[in-house]
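J.: For reference, the sequence and a predicted model appear below.
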Amino acid sequence: MARIAGHFGRVEPRASARSYLLGLLSRAERKNCWQLAEQAGLARPGPMQRLLRYARWDADAVRDDIRAYAVEHLGADGGVLIVDETGFVKKGRASAGVQRQYTSTAGRIENSQVGVFLAYVTSRGRTLIDRRLYLPEHSWCADAERRHAAGIPEEVRFQTKPRLAREMIAAALDAGAQASWVTGDEVYGQDPQLRAALEARGTGYVMAVACSTRVRINHGRTTIRADTVAGRLPATAWQRHSAGNGAKGPRHYDWAWIHLGTDSHHLLIRRNHITGELAFYLCWSPTEVPLAELVRVAGVRWSVEECFQSAKGQVGLDHYQVRHWTSWHRHITLAMLALAFLTALAADAAPDRTASTHHLAHIRDPITLTVPEIRHLLAAVFTPPAVTAARLLHWSIWRRRHQATARRSHYRRRTTSEPTG
């Protein structure tokens, strides 16, 4: 809180932000304004709601502090920036950026918001350091009335997800993030402008692409589909490498790489040695690197899914009940700060990772502290005093009255909108 306190002009929102963060780190079942206010011992959710909507403070400046904090605690050689998106399933059409669109969170097309995120990953840990709310072009950008109702600033224009990713990557690198590589899935790997921007900065990348991607081989003389290249490779072209440790140990795949053109461009191909399933990556680096390094970066990409899982499961990234543009960015930023805090504690508490590889032989030793375990311990330390029955009843009555009001409003809208016979 001392680190970000200067971004709050008044003591009241600063105190609310502290309570909000403690609530995100608590055992509260849902991390929305109602439950966070109850957790903080407040009589109404008003202070939390004002913090997200009306209070004067700069969420982007706090975001910049989160990025610096993450680099300070997690910075190490071989750092990787990962771009990816996650969905927030919503009802109705009033939430900023919501529409029916595909989200990997649900695995199908749902009414949802989509946030594009940047993760920072090193050998010391992983966390989210930037965010952008994706604003669909036709259903939102061209609808002035809808934009105004959701509080979307006039200067915000339609930007593709890769364009949003380019902005976040540039900001992180300009701010001094120790990252030699960038990786992302096909949404970002298929964008030539993103790849060109990274090459112009001298930042290496390993970006997933579709099997139908056409590449140039034979010193640029032949254009061919990536999956056709894979089908023509001899058995000797494949090497077995681990893409990093998973929940069940090392993730071994067969890998092959093909040089493209005259510089450090490669097509990297991953093959599941059991199912034969293939995955493809376009790669570039400012200097020559071995195949094992490209494999490492390709394997790191899955770390962003662990970031999303921790952010949603531990600090309520998706628990918000807000519709306004500003409110979304503020809640997401505070959740990112809570996650970065837990990640930094875990990194600082971890033993030297270069220790003897025989350490696993000591089967009675506990694993290193994890983000969920640290949150569990903190929640026990910061648990407020026992709540009186009167306080519990007060909040129960408040919630049920609010729900009754919402129900009446809903019924009234349905009644006035239904045609009369």
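T.: Structure received. Numbers count the residues shown, from 1 in each chain.
J.: Mind listing the residues bridging to the residue nearest the centre of the chain?
T.: Note on the chain: the residue nearest the mean C-alpha position is Phe117, at 4.3 Å, using Cα atoms, centre = their mean. Bridge pairing for Phe117 (DSSP bridges) gives the partners Asp84, Arg131.
J.: which ones are touching it?
T.: Contacts here follow Cβ atoms under 8 Å, 6 or more residues apart in numbering; on that basis Phe117 touches Val83, Asp84, Glu85, Thr86, Leu128, Asp130, Arg131, Arg132, Val304, Cys307, Phe308. C-beta: built from backbone N, CA, C; applies to glycine.
J.: swap in Arg221?
T.: Contacts of Arg221 (Cβ under 8 Å, 6+ apart): none.
J.: So what does it have for phi and psi?
T.: When read as degrees, to the nearest 10, the backbone of Arg221 gives phi -80, psi -20.
J.: State the distance from it to Gly261.
T.: The gap separating Arg221 from Gly261 is 11 Å, by Cβ to Cβ, to the nearest Å.
J.: what ranges do the helices span in this protein?
T.: With DSSP state H as the criterion, the chain has helices at 11-24, 33-39, 46-53, 59-74, 144-149, 161-174, 186-189, 192-201, 226-231, 291-300, 303-315, 325-349, 371-381, 389-417.
J.: Show me what the mean pLDDT comes to for the shortest one.
T.: Per-residue confidence for helix 186-189 averages out to 96 on the pLDDT scale.
J.: list the helices and strands that helix packs on?
T.: Under the contact definition 3 or more Cβ pairs under 8 Å, 6 or more residues apart in numbering; DSSP states H and E, helix 186-189 sits against strand 80-89, helix 161-174, strand 204-209.
J.: which residues sit against that helix?
T.: 83-85, 161-162, 165, 194-195, 207-210, 281-282.
J.: Restrict that helix to CA atoms and write it as PDB.
T.: The C-alpha coordinates for helix 186-189 follow below in PDB (Å, rounded to 0.1, in the frame of the first residue of the first chain):
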ATOM      1  CA  GLU A 186      -2.300 -18.400 -32.800                       C
ATOM      2  CA  VAL A 187      -4.400 -15.200 -32.300                       C
ATOM      3  CA  TYR A 188      -1.200 -13.300 -31.900                       C
ATOM      4  CA  GLY A 189       1.200 -15.500 -33.800                       C
END
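J.: before we move on, the earlier item: for the contacts of helix 186-189, give me a markdown table that also has pLDDT.
T.: A markdown table is the format used below for these (pLDDT from 0 to 100):
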| residue | pLDDT |
| --- | --- |
| Val83 | 98 |
| Asp84 | 97 |
| Glu85 | 96 |
| Lys161 | 97 |
| Pro162 | 98 |
| Ala165 | 98 |
| Leu194 | 98 |
| Arg195 | 97 |
| Met207 | 98 |
| Ala208 | 97 |
| Val209 | 97 |
| Ala210 | 96 |
| Tyr281 | 98 |
| Leu282 | 97 |
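J.: In contact with the nearest residue to Ile152 once chain neighbours are set aside: list those residues for me.
T.: Excluding the flanking residues, the one nearest Ile152 by Cβ to Cβ, 6 or more residues apart in numbering is Trp325, at 4.7 Å. The neighbourhood of Trp325, defined by Cβ under 8 Å, 6+ apart, consists of Ala96, Leu133, Ala150, Gly151, Ile152, Pro153, Val156.
J.: By neighbours, which of those wins?
T.: Counting neighbours by other Cβ atoms under 10 Å, the top entry in the contacts of Trp325 is Ala96, with 24 neighbours.
J.: follow-up on the earlier one: what's the closest of the contacts of Phe117 to Ile169?
T.: Nearest to Ile169 among the contacts of Phe117: Val83, at 6.8 Å, using Cβ to Cβ.
J.: Is that closest one in contact with Ala179, as I believe?
T.: No. Counting by Cβ atoms under 8 Å, Ala179 is not a contact partner of Val83; they are 11.6 Å apart.
J.: Neighbour count for these two, which is higher?
T.: Using other Cβ under 10 Å, the more surrounded residue of Val83 and Ala179 is Val83, with 27 against 22.
J.: Tally up the residues packed near Asp64, please.
T.: By other Cβ under 10 Å, the residues close to Asp64 number 18.
J.: Run a quick check on it versus Gly176, I expect a contact.
T.: No. In this structure, Asp64 is not within contact of Gly176 by Cβ under 8 Å, at 11.3 Å.
J.: Surely Val156 and Leu135 touch.
T.: Yes. Between Val156 and Leu135 a contact is recorded at 6.4 Å, counting by Cβ under 8 Å.
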